[in-house]
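[1] Build me a model:
(one chain, ligands or ions: 2)
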Amino acid sequence: MTAHTAPVDTFDYLVFGGTGDLALRKLLPALYLRDKAGQITGDSRVMAVSRSQLSPAEYKAKAEEALRQHLHADEFDEETWGRFGARLDYVAADATTTHGWGELQEHLKGRDEIVRVFYLATSPELFGPISERLRAFGLVTEKSRVVLEKPIGRDLASAKRINDEVGSVFAEEQIYRIDHYLGKETVQNLLALRFANSLFEPVWDAGHVDHVQITVAETVGVEGRGGYYDNSGALRDMVQNHLMQLLCLVGMEPPVSLDQEAVRDEKIKVLRSLKPIGVENIAASTVRGQYRAGAVNGAAVGAYAEEAGAGNGKPSNTETFVALKVEIENWRWSGVPFYLRTGKRMPAKVSEIVIQFRQVPHSIFPRGAGEITPNLLIVRLQPDESIRLNLMAKDPGPGGMRLREASLNLSFAETFKSRFPDAYERLLMDVVRGNPTLFMRRDEVEAAWRWTESILDAWEARGDSVKPYIAGTWGPSQSVALIERDGRTWHDDAMTTG
Ligand SMILES: NC(=O)C1=CN([C@@H]2O[C@H](COP(=O)(O)OP(=O)(O)OC[C@H]3O[C@@H](n4cnc5c(N)ncnc54)[C@H](OP(=O)(O)O)[C@@H]3O)[C@@H](O)[C@H]2O)C=CC1
Ligand SMILES: O=C1O[C@H](COP(=O)(O)O)[C@@H](O)[C@H](O)[C@H]1O
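    Ligands and ions are numbered 1, 2, ... in the order given. Here you go, the predicted model:
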């Protein structure tokens, strides 16, 4: 039995927002797969909670349909579904009234001794009201934990208020602020790469690294989440959380151990070292874009403006793409730009971190040998997780010295040949185990908002419109200009060729 199949304690998982997109598309499949792996023990239960008046049988039918739709064909089987379906329950309750809470209380009677997880997969505005009712109805036990989905709030003030509200019911150790990027296999591999190899740490600094690129590109649009997305945009939806966490893991100092506080202490130092982006440098450091109609993977797709919820009848200025030039002002990274970009309706679904090392100081090779390109370390988070090191090598054969770029490629699928749990599977079980290392601490979330908010404020103060880009491209031309002004270029080719 491997660590990721070791059984966890018996639990009650209460999923608030159980009829929503996140619960049906990600959380139920993750719990189902953990059951299939044999990790879920005893009479553990999964209880969905939301306002819709559904019977448990109706909810089960909905859940089965979602599992069949979102799992791979070979992952869904009748035996696991029989077991998992029997764990499923549904209670209709409203977070903003007392409706349904008595019934919830009944369902949990006599189960105070087992691990109880409240997963809040609802709008963050409901985190406070739900916590308050959990307390009022006596549902918070010693073994309770609460999971808060991102984004927590929409600015620093709302994040603080929500953290205060939840914090008045749960102790900080009981609060798990999830960022599912931290559960991705290759994200954790960044820690192994940096701190379990002696090779990289000596060159992981301004003396050796020219710049870093972090790209999280999606081919999808807003997928029926227009109402939420239009009020959010790419900076709040992706940068404030996922991209900043990746930036922290690349940029942080070695923690003294993998202990939860040690890792989080180092991440927050990075967040505190970020050079502020405000009105004075917003134009040079940021680009915001919005997709127009185009084609992705050969299929025609409409403009963001046509998505349900976009603008609510008025032209929307919400960004579906953002590119940033970020600087970490400390000894290690002084002068090394980190270029970040994320967008919807891009040419490929790919998330990559590229560390570009400095050019050799002097070439000993004749001009005809070809150009020496800088070494690249490419950490691909998805799809096809891999770590590649691009080196210069001699083109084999006679005929003199010719140089060419070659890759050392550690493909996870080929090297490890086993299925590893996806991010939600891992993180959901970490909550049951009581391991918060891969979750965000309150001060981290607030530091990330503090930095992000000054960008939001500067955009608003300038009143610029989002720049258009054609769906299926790498964003507006201004994004190319952002990096090319510095004599650098995005590594787009590597992303589409893999
Ligand atoms: N979807 C995704 O891929 C991701 C989502 N998130 C975050 O997760 C959260 C949920 O997102 P998503 O699932 O997409 O949203 P949805 O709008 O699809 O779902 C919202 C859920 O909340 C329930 N709900 C709404 N109001 C109440 C209420 N007053 N009392 C009880 N339940 C209520 C809804 O059910 P009902 O109407 O029946 O009450 C529904 O189940 C959001 O904060 C989002 O930002 C984070 C990462 C990815
Ligand atoms: O949190 C979110 O993440 C997804 C992208 O996640 P991934 O694991 O598929 O890369 C994004 O589509 C969504 O808008 C955002 O809320």
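
[2] residues contacting Arg441?
    Glu172, Arg177, Arg264, Ile268 (CB atoms under 8 Å, 6 or more residues apart in numbering). (Each C-beta comes from the backbone N, C-alpha and C, glycine too.)

[3] now, among those, which is nearest to Ser454?
    Distance ranking of the contacts of Arg441 against Ser454, using CB to CB, places Ile268 first at 17.3 Å.

[4] Quick check: phi and psi at the closest one.
    Reported as degrees, to the nearest 10, the phi and psi values for Ile268 are phi -70, psi -30.

[5] Does the closest residue to it other than its chain neighbours lie in a helix or a strand, and which?
    In space, and not counting its chain neighbours, Ile268 is closest to Glu444: 5.2 Å by CB to CB, 6 or more residues apart in numbering. Counting by DSSP states H and E, the element that carries Glu444 is helix 442-462.

[6] Distance from that helix to the middle of the chain?
    18 Å (CA atoms, centre = their mean, to the nearest Å).

[7] list the helices and strands it packs on?
    With contacts taken as 3 or more CB pairs under 8 Å, 6 or more residues apart in numbering; DSSP states H and E, helix 442-462 sits against helix 156-167, strand 175-177, helix 244-251, helix 260-273, helix 282-285, strand 286-292.

[8] Go through that helix and flag the buried ones.
    By neighbour count with 16 or more other CB atoms under 10 Å, helix 442-462 contains the buried residues 442-456, 458-459.

[9] Point me to the residue of this structure nearest ligand 1.
    Gly20 (2.2 Å; CB to the nearest ligand atom).

[10] That residue - how many residues pack around it?
    Per other CB atoms under 10 Å, the neighbour tally for Gly20 reads 19.

[11] With Phe439 instead?
    Using other CB under 10 Å: Phe439 sits among 22 other residues.

[12] For the residue positioned nearest the centre of the chain, which residues are in contact?
    Nearest residue to the geometric centre of the chain (CA atoms, centre = their mean): Tyr181, 3.2 Å. For Tyr181, the contacting residues are Val187, Asn241, His242, Gln245, Leu246, Leu381, Ala423, by CB under 8 Å, 6+ apart.

[13] would you say it is within a helix?
    Yes. Counting by DSSP: H, G, I helix; E, B strand; the rest coil, Tyr181 is found in a helix.

[14] wait, doesn't Gly289 sit right on Lys344?
    No. With contacts counted by CB atoms under 8 Å, Gly289 stays clear of Lys344, the gap being 9.9 Å.

[15] mind showing which ranges of the stretch 1-150 of the chain have poor pLDDT?
    1-4 (pLDDT under 70).

[16] Taking it, what residue is nearest to ligand 2?
    Lys150 (6.3 Å).

[17] Thought Ile178 was touching that residue, still the case?
    Yes. Proximity of Lys150 to Ile178 meets the contact threshold set by CB under 8 Å, at 6.6 Å.

[18] do you know how far the residue of the chain closest to ligand 1 is from Glu165?
    To Glu165, Gly20 is 21 Å away according to CB to CB, to the nearest Å.

[19] Of Lys150 and Ile178, give the one with the bigger neighbour count.
    Higher neighbour count among Lys150 and Ile178: Ile178, with 25 against 21, using other CB under 10 Å.

[20] Do I have it right that that one meets Val146?
    No. Using CB under 8 Å, Ile178 is not in contact with Val146; the gap is 10.5 Å.

[21] What segments of the stretch 101-250 of the chain are strands?
    For the stretch 101-250 of the chain, strands defined by DSSP state E, counting those that start in this stretch occupy the ranges 115-120, 144-148, 175-177, 209-217.

[22] got those as CSV, with mean neighbour count columns?
    What follows is the strands of the stretch 101-250 of the chain, written out as CSV (neighbours: other CB atoms under 10 Å):
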stretch, mean neighbour count
strand 115-120, 24
strand 144-148, 23
strand 175-177, 22
strand 209-217, 22
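
[23] Dump these into TSV; add distance to Phe338 as well.
    Below are those laid out as TSV (distance: least, CB to CB, whole Å):
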stretch	distance to Phe338
strand 115-120	31
strand 144-148	27
strand 175-177	23
strand 209-217	5
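
[24] right, so of those strands, which gets closest to Arg332?
    Go through the strands of the stretch 101-250 of the chain one by one with CB to CB and the one that ends up closest to Arg332 is strand 209-217, at 9.3 Å.

[25] and the angle for the closest one with helix 244-251?
    Angle of strand 209-217 versus helix 244-251, following axes from the mean of the first three to the mean of the last three CA atoms, to 10 degrees, is 150 degrees.

[26] So which residues make contact with strand 209-217?
    By CB under 8 Å, 6+ apart, strand 209-217 touches 203, 238, 242-243, 246-247, 250, 336-343, 346-359, 374, 381, 474, 483, 486, 488, 490-491, 495.

[27] So which of the residues you listed belong to strands?
    Secondary structure defined by DSSP state E assigns 337-343, 350-357, 381 of those to strands.

[28] List, out of the residues you listed, those positioned next to ligand 1.
    Applying CB under 6 Å from any ligand atom, the subset of the ones in strands among the contacts of strand 209-217 adjacent to ligand 1 is empty.

[29] which two in those are spaced the farthest apart?
    It's Gly343 and Phe357 that sit farthest apart of the ones in strands among the contacts of strand 209-217, by CB to CB, at 26.4 Å.

[30] Which one's more surrounded, the two?
    Counted by other CB under 10 Å, Gly343 and Phe357 do not tie: Gly343 has more neighbours, with 28 against 16.

[31] Dig out what that one forms beta bridges with.
    Ala217, Phe321 (DSSP bridges).

[32] for it, what are its contacts?
    Ala217, Glu218, Ala234, Gly289, Tyr291, Thr320, Phe321, Val322, Tyr469, Trp474, Gly475 are the contacts of Gly343 under CB under 8 Å, 6+ apart.

[33] What of Tyr229?
    Val222, Asp237, Glu307, Gly309, Ala310, Thr318, Thr320.

[34] which stretches of the stretch 301-450 of the chain form strands?
    Going by DSSP E, counting those that start in this stretch, the stretch 301-450 of the chain shows strands at 321-327, 337-343, 350-357, 376-382, 386-394, 403-411.

[35] Packing partners of the third one?
    The contact analysis (3+ CB pairs under 8 Å, 6+ apart) places strand 350-357 against strand 209-217, helix 244-251, strand 376-382, helix 492-497.

[36] can we see that at 10 Å?
    helix 185-195, strand 209-217, helix 244-251, strand 337-343, strand 376-382, strand 386-394, helix 492-497 (3 or more CB pairs under 10 Å, 6 or more residues apart in numbering; DSSP states H and E).

[37] Val187: how many residues sit nearby?
    Applying other CB under 10 Å, we find 24 residues neighbouring Val187.

[38] roughly how far apart are Ala262 and Glu307?
    From Ala262 across to Glu307, the span is 42 Å (CB to CB).

[39] neighbour count winner among the two?
    Taking neighbours as other CB under 10 Å, Ala262 and Glu307 compare with Glu307 leading, 23 against 13.

[40] hang on, the more buried one packs against Gly226?
    Yes. Counting by CB atoms under 10 Å, Glu307 touches Gly226, with 4.3 Å between them.

[41] Would you mind listing the residues touching both of these two?
    Common contacts of Glu307 and Gly226, defined by CB atoms under 10 Å, 6 or more residues apart in numbering, comprise Ser316, Thr318.

[42] Pipe the strands of the stretch 301-450 of the chain into TSV and attach distance to Met429 and mean pLDDT per row.
    Below are the strands of the stretch 301-450 of the chain laid out as TSV (distance: least, CB to CB, whole Å; pLDDT from 0 to 100):
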stretch	distance to Met429	mean pLDDT
strand 321-327	32	98
strand 337-343	27	98
strand 350-357	23	97
strand 376-382	20	94
strand 386-394	25	95
strand 403-411	26	93
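
[43] Nearest to Glu58, out of the ones you listed?
    strand 376-382 (34.1 Å).
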